[in-house]
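Engineer: kindly generate the corresponding structure for this input.
(2 chains)
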Amino acid sequence: MRISSLRLQLLAWVVLPLAALVTINLWTSQRNALATADLVTDRMLVGSARAIAEQVAMADGVLDATIPPAAIEMFDTGDRDSVFYRVETAGGRLLTGYPDLPKASQRGSIEASYRGRRLRLLSLSQAVIGAGADSPIKVTVGVTLAGHDAMVKRLWFSDFAQQLALVAIAGVFVLLGLRRGLAPLIRLRDTVRSPDRSDLDPVEVPGAQSEIRPLIDALNAYMARVRAQMAAQRRFIANAAHQLRTPLALLSTQASYALRETAADQRREALVALQASSGRLARLAEQLLTLSRAEPGSRRPRSDRIDLTDAARQVLEGQAPKAIERNIDLGLEETGPVPVIGDGTMLREMIVNLVDNALRYSRPGGSVTVKLAASDGEAELTVIDDGPGIPAEEREHVFERFYRIAGASEEGSGLGLAIVREVVENAGGSVTLGDAASGGLKVEVRLPLSSIED
Amino acid sequence: MRLLLVEDNRELADWLSKTLRQASYVVDVVHDGEDVEHALAAGDHALIILDLALPRMGGMEVLKRLRARGNAVPVIVLTANASLDGRVKGLNEGADDYLAKPFQIEELEARIRVQLRRANDRTAPVISCGDLVFDTNTRLFALGGETLSLTPREHAVLEQLVVKAGRTVSKAALSAAIYDFETDADPSAIEIYVHRLRKKLEGSRVQIATLRGLGYLLRHDDPAP
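Structural biologist: All right, here's what the predicted structure looks like:
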């Protein structure tokens, strides 16, 4: 199972290894307790055997073994242990005690079963003066293991309790530490989720650690980006609404005038003007739509392979009636296909805006030329008119949306060049304004050339 | 009544002024803020219709300067910015009324009438002098219940006299109120208009009196109530 809670994860990482360590520790401590109990029992066996051996003496030429009560009583630790003993001569003759008690080694204690109970046994030899061949005598003492086992348990249990407490305390501290450590994250969550946060202001979490800080910074940077985009959108919508209001006021005024006018000629004049106004309004709406589509993120990026020459020819054919109406010499200069990659619809719309602008600002009887060239991996589209041009200090501003040159008499929307730049930049190109030899405006659009083969 | 229309969109300015002229207003048009001062100096405008988005000098600045000079001419602000903030700011800067684009011409005209009525301390929409009645809503004159047919110029002169009925109106003031910038002001022509008006008013109880060296005065010979 995947643990997705940070708390559980950290707790597991701290407590599980700790518990493993404690288990090993308990095993060794159990062995230690056993060793200690063994040692204590052996000491007592030695003491008891020595006390018995010391009481063995020659009395009236006979070996006499009287068992001192203290030698037995020293095992009375309240655990109801039974003590067994045997005193024998060097030759193996029993002096006193249990003849069938198992034999024990002189070098150390052994454990053996006796009368259905387990015993710990130890032997001791002692020389008895005047006993002759019977010396040294051999004393064997055995004791049942109740006291021994109780001691192991006591020693081991207290260790066990301590270690258990250690693990529990460590767990509690991990949780407390996590709670403190995670507090800034919880505050961050609450701040972000707070119902009175409708704006995208930067989140501030006081006391956030250096590990959480980058998360907050990233979040704030992200919100700043979203905020900037929203602000741009809002500005655009406000501007768009603003730009639609005056043409609408014009339409309404022209309609009112026509309704009130009784003279047929003037009425007709107003209606013709009204028709032209509504046409311009439609064009403005179209441009707004184009611009909103050119916005990054508003339309799936497309990579059509289009021939710029072909696109320009189509656009010029569409614009020809307008040129003829204004007696403008509209021309195309090309040397062959100029393939580029981009959004075909938007690139065509870009050319429409450039040519429309050029026709609008050229003087009647003037000329507008569209040139296409491909060189050094670049496609170059140039539109030249012989209108008034754009003063150098205005050239950067005219790409801004809704920017209108002060005192310009032509009714433009101020969107054409904004559309051009947006489309060209989306396609990875650039657009620059310059002076035409004829004194008019020269707009140069450069786009990456798509290789003809692929 | 002579109005000054300040609007940078030439077409809108053109058609608005045409429509207002249909209603017998004398209308001057300027397209940018810096021309407002000259226009006001050259004519006697009863009201300004001011667009806020103007090149060179914004409408708000025009308004501020106008009021700073102590000029109290009624101003109706036209704007494409319909926000509450904008409206409040405009009114605080001394606009008398505020109209957001797009608007219906009827509403603009109604507001013009309200401002003109206030400027002349009138409450009723009808001005009468003897048996001559001027309905400011329809902008028509009636004499003894019959609509009086007047040329635009005659209308302008008579309107000026009836608004100021009982007071002297100098020839210069009449001239400043009835000619727009497109027409060469000809003060001597005023005598002709007055002459024609007198003919049209013959047989009524109102007369245009000439005060030599002072000007004209519209009066009626009804007994004082």
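
Engineer: pretty sure A:Ser210 is in a strand, no?
Structural biologist: No: assigned with DSSP: H, G, I helix; E, B strand; the rest coil, A:Ser210 falls outside any strand and is coil.

Engineer: burial of it, as a residue count?
Structural biologist: Residues lying near A:Ser210 (other CB atoms under 10 Å in any protein chain shown) number 6. To be clear about C-beta, it is placed using only N, CA and C from the backbone, and glycine gets the same treatment.

Engineer: how far away is it from B:Ala156?
Structural biologist: 81 Å (CB to CB, to the nearest Å).

Engineer: ok, now B:Pro125?
Structural biologist: From B:Pro125 to B:Ala156 the distance is 19 Å (CB to CB).

Engineer: looking at those two, which one has more neighbours?
Structural biologist: Comparing B:Pro125 with B:Ala156 by other CB under 10 Å, the one with more neighbours is B:Ala156, at 22 against 13.

Engineer: what about the helix or strand that one falls within, near chain A?
Structural biologist: Here B:Ala156 is covered by helix B:152-163, with elements defined by DSSP states H and E. No: in terms of CB under 8 Å from any CB of the partner chain, no part of helix B:152-163 sits within range of chain A; the closest distance is 13.9 Å.

Engineer: show the average pLDDT along that helix.
Structural biologist: Helix B:152-163 shows a mean pLDDT of 89.

Engineer: so which elements touch the very next helix or strand once past that helix?
Structural biologist: Following helix B:152-163 in sequence order, the next helix or strand is strand B:168-169 (DSSP H and E). With contacts defined as 3 or more CB pairs under 8 Å, 6 or more residues apart in numbering or on different chains; DSSP states H and E, strand B:168-169 has these neighbours: strand B:215-220.

Engineer: residues in contact with residue 66?
Structural biologist: Assuming you mean chain A. Shown in contact with A:Thr66 (CB atoms under 8 Å, 6 or more residues apart in numbering or on different chains): A:Gln55.

Engineer: nope, chain B
Structural biologist: The neighbourhood of B:Leu66, defined by CB under 8 Å, 6+ apart, consists of B:36, B:40, B:48, B:73, B:75, B:94.

Engineer: in strands only, show me these.
Structural biologist: Among the contacts of B:Leu66, the members falling in strands (DSSP state E) are B:48, B:75.

Engineer: and the helix or strand of chain B with the lowest mean pLDDT, anywhere near chain A?
Structural biologist: Within chain B, confidence by mean pLDDT, DSSP states H and E is lowest for helix B:84-92 among all helices and strands, at a mean of 80. No: using CB under 8 Å from any CB, we find that helix B:84-92 stays clear of chain A, coming within 10.7 Å at best.

Engineer: and for that helix, what's in contact with it?
Structural biologist: For helix B:84-92, the surrounding residues in contact (CB under 8 Å, 6+ apart) are B:52, B:60, B:63, B:77, B:79, B:98, B:100.

Engineer: out of the contacts of B:Leu66, the closest to chain A would be?
Structural biologist: B:Val36 (15.7 Å; CB to the nearest CB).

Engineer: surely the closest one touches B:Asp51?
Structural biologist: No: B:Val36 lies out of contact with B:Asp51 (CB atoms under 8 Å); the separation is 10.8 Å.

Engineer: could you check which of the two has the larger neighbour count?
Structural biologist: Per other CB under 10 Å, whichever of B:Val36 and B:Asp51 has more neighbours is B:Asp51, with 26 against 23.

Engineer: backbone phi and psi for the more buried one, please?
Structural biologist: Dihedral angles of B:Asp51 (phi, psi; degrees, to the nearest 10) stand at phi -80, psi 150.

Engineer: since we're on the residue lying closest to it once chain neighbours are set aside, how many residues are nearby?
Structural biologist: Leaving aside its chain neighbours, B:Asp51 sits nearest to B:Glu7 (4.3 Å; criterion: CB to CB, 6 or more residues apart in numbering or on different chains). Other residues within reach of B:Glu7, judged by other CB under 10 Å, total 25.

Engineer: per-residue confidence for B:Glu7?
Structural biologist: For B:Glu7, pLDDT reads 91.

Engineer: contact partners for the residue positioned nearest the centre of chain A?
Structural biologist: Centroid-nearest residue in chain A, with CA atoms, centre = their mean: A:Leu215, separated by 8.0 Å. Counting by CB under 8 Å, 6+ apart, A:Leu215 makes contact with A:Leu188.

Engineer: could you redo the last one with a cut-off of 10 Å?
Structural biologist: Residues in contact with A:Leu215 (CB atoms under 10 Å, 6 or more residues apart in numbering or on different chains) are A:184-185, A:188, A:205, A:208.

Engineer: how about low-confidence regions in chain B?
Structural biologist: Residue ranges of chain B with pLDDT under 70: B:82, B:223-225.

Engineer: break it down into its structural domains.
Structural biologist: B:2-119, B:126-220 (automatic domain parsing).

Engineer: highest mean neighbour count out of those domains?
Structural biologist: Compared across the domains of chain B, domain B:2-119 shows the largest average neighbour count, a mean of 19 (mean count of other CB atoms under 10 Å in any protein chain shown).

Engineer: can you give the distance of it from its chain's centre?
Structural biologist: Put simply, domain B:2-119 sits 12 Å off its chain's centre (CA atoms, centre = their mean, to the nearest Å).

Engineer: ditto for stretch B:179-196
Structural biologist: For stretch B:179-196 - counting by CA atoms, centre = their mean - the centre lies 16 Å from the chain centre.

Engineer: again, but for stretch A:350-357
Structural biologist: Offset of stretch A:350-357 from its chain centre (CA atoms, centre = their mean): 47 Å.

Engineer: near chain A, which residues of chain B show up?
Structural biologist: By CB under 10 Å from any CB of the partner chain, the residues of chain B that approach chain A are B:7-23, B:31-32, B:51, B:53-56, B:78-83, B:99-106, B:108-109.

Engineer: try 7 Å
Structural biologist: B:9-12, B:15-16, B:18-19, B:22, B:55-56, B:80-81, B:101-105 (CB under 7 Å from any CB of the partner chain).

Engineer: need the three-state assignment for A:Val205.
Structural biologist: coil.

Engineer: pretty sure it sits against A:Asp190.
Structural biologist: No: look at A:Val205 against A:Asp190 with CB atoms under 7 Å: they stay out of range, at 9.6 Å.

Engineer: between the two, who's got more neighbours?
Structural biologist: Using other CB under 10 Å, the more surrounded residue of A:Val205 and A:Asp190 is A:Val205, with 21 against 11.

Engineer: show me where pLDDT drops low in chain A?
Structural biologist: Where chain A drops to pLDDT under 70, the residues are A:1-4, A:198, A:296-301, A:406-412, A:452-454.

Engineer: most distant residue from the centre of it?
Structural biologist: Outermost in chain A, CA atoms, centre = their mean: A:Asp60 at 97.9 Å.

Engineer: Provide the backbone phi and psi angles at that one.
Structural biologist: The phi/psi pair for A:Asp60 (degrees, to the nearest 10) is phi 50, psi 40.

Engineer: what about it, distance to A:Leu95?
Structural biologist: Separation of A:Asp60 from A:Leu95 (CB to CB): 15 Å.

Engineer: and what of A:Arg283?
Structural biologist: 134 Å.

Engineer: swap in B:Arg113?
Structural biologist: According to CB to CB, B:Arg113 stands 148 Å off from A:Leu95.

Engineer: quick one: the strands in the chain, in order.
Structural biologist: Assuming you mean chain A. For chain A, the strands defined by DSSP E cover A:56-59, A:62-65, A:83-88, A:94-97, A:110-114, A:117-126, A:137-144, A:304-307, A:329-333, A:339-342, A:367-375, A:378-384, A:430-435, A:441-448.

Engineer: chain B, not that one
Structural biologist: Remark: strands assigned in chain B by DSSP E are B:2-6, B:26-30, B:47-51, B:75-79, B:97-100, B:126-129, B:132-135, B:140-143, B:146-147, B:168-169, B:206-211, B:215-220.
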